[in-house]
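Novice: heads up, no residue letters with this:
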Ligand code: GDP
């Protein structure tokens with residue numbers, strides 16, 4: 001997992017071994033490594049951020065003689081990445097749901113956003129399963145009323161898990177289906193409403209207008225963008241677009257189990273400044289794990305194995 005990014009970072013470290021580093025040393029390493037970083041799905045602006053921050057942290061400093069420069073470079077790279085993740089903050093969704101439940105006795109509403117094929121439907125099912133393991137009940141809303149088969153697809157997942165689905169016919173207003181879901185949850189004392197949404201229409205403008213309307217009408221407590229970690233730069237572009245129209249709060253990256261590149265997680269958080277809450281790591285309903293930024297960073301810089309690379 002993430003092998004390309006690990007290799008690119010190890011080449012940065014290898015290229016910087018002098019006891020004092022100049023701007024030219026760092027520029028040289030980055031000019032050699034830029035393509036490898038792009039090929040690892042690191043966005044251009046994230047590369048520039050790493051490059052500039054590394055310069056401002058290291059250039060002209062005389063390093064402690066007892067410490068290997070490469071270790072100092074490694075620690076600096078880790079700190080730069082960790083600060084990207086910590087700037088985006090963290091969210092404990094289970095705790096947020098429980099807090100609303102105890103204070104307001106109202107269902108907690110979560111909207112799932114993203115393009116078809118990224119794993120959104122499967123992720124909603126995984127998420128319902130994860131909530132249930134935390135004693136939180138849910139109802140799923142079949143809010144993609146455009147794509148043929150979408151309602152059956154989400155219903156099949158929900159049936160397998162024994163979770164109620166609220167659906168209307170194809171062509172129905174997704175905001176109205178969402179409202180039905182909220183009413184159902186209120187009257188049946190269900191803790192959360194998980195709303196699927198459309199992922200592709202004739203134009204992206206249509207899609208974004210529809211998403212903005214759902215957000216206005218439903219007023220979800222949380223909006224989660226679901227992105228495919230294998231789609232690299234496309235995922236970053238989609239995230240930017242959804243952020244513009246919906247101002248989502250959090251990200252789930254799917255298919256991390258097959259991601260041999262690794263740059264998507266760092267780039268999407270840097271570009272959107274929103275936290276990744278979970279990673280999809282397989283096709284089963286249990287294959288959704290909390291994203292741990294510290295473990296991710298260690299894994300990239302030290303090449304070690306841990307939970308994020310199950
Ligand atoms: P949607 O169109 O966005 O709703 O996508 P689906 O939920 O139907 O998922 C598309 C495909 O990706 C399916 O074959 C899923 O089993 C698969 N998938 C979803 N999440 C993951 C994941 O985390 N890892 C892997 N390997 N496959 C996944």
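Specialist: Sure, I can see it. The shown structure was predicted, so the numbers you read here are calculated from the model rather than taken from an experiment.

Novice: residues near the residue of the stretch 201-310 of the chain found nearest the ligand, how many?
Specialist: In the stretch 201-310 of the chain, the residue found nearest to the ligand is residue 280; the distance is 2.6 Å by CB to the nearest ligand atom. Bear in mind the C-beta positions are built from the backbone N, C-alpha and C, glycine included. Using other CB atoms under 10 Å, residue 280 has 25 neighbouring residues.

Novice: Next one, pLDDT for it please.
Specialist: As predicted, residue 280 sits at a pLDDT of 98.

Novice: List the contacts of it.
Specialist: 119, 122-123, 126, 252-257, 287-288 (CB atoms under 8 Å, 6 or more residues apart in numbering).

Novice: change it to 6 Å
Specialist: Residue 280 makes contact with 119, 123, 254-255, 288 under the criterion CB atoms under 6 Å, 6 or more residues apart in numbering.

Novice: Then residue 212?
Specialist: residue 245.

Novice: hang on, isn't residue 13 packed against residue 73?
Specialist: Yes: using CB atoms under 6 Å, residue 13 is in contact with residue 73, at 5.1 Å.

Novice: So which of those two has more stuff around it?
Specialist: Neighbour count, other CB under 10 Å: between residue 13 and residue 73, residue 73 has more, with 25 against 19.

Novice: Thought residue 15 was touching the more buried one, still the case?
Specialist: No: if you go by CB under 6 Å, residue 73 and residue 15 don't touch, sitting 8.8 Å apart.

Novice: Please identify, among the contacts of residue 280, the one with the most neighbours.
Specialist: Using other CB under 10 Å as the neighbour criterion, residue 254 leads these with 30 neighbours.

Novice: Just list the residues touching that one, thanks.
Specialist: Counted by CB under 6 Å, 6+ apart, residue 254 has contacts 118-119, 123, 228, 280.

Novice: From these, which land in strands?
Specialist: 228, 280 (DSSP state E).

Novice: State the pair within the contacts of residue 254 that is farthest apart.
Specialist: Pairwise distances across these (CB to CB) peak at 10.3 Å, for the pair 123 and 228.

Novice: of the contacts of residue 280, closest to residue 262?
Specialist: Closest approach between the contacts of residue 280 and residue 262, by CB to CB: residue 255, at 12.4 Å.

Novice: Isn't that closest one up against residue 227?
Specialist: No: here residue 255 lies out of contact with residue 227, judged by CB under 6 Å, at a distance of 9.6 Å.

Novice: contacts for the helix or strand harbouring residue 127?
Specialist: Element membership of residue 127 [criterion: DSSP states H and E] is helix 120-133. Applying CB under 6 Å, 6+ apart, the contact partners of helix 120-133 are 112, 114, 138, 153-154, 157, 161, 163, 194, 196, 226, 252, 254, 280, 285, 288.
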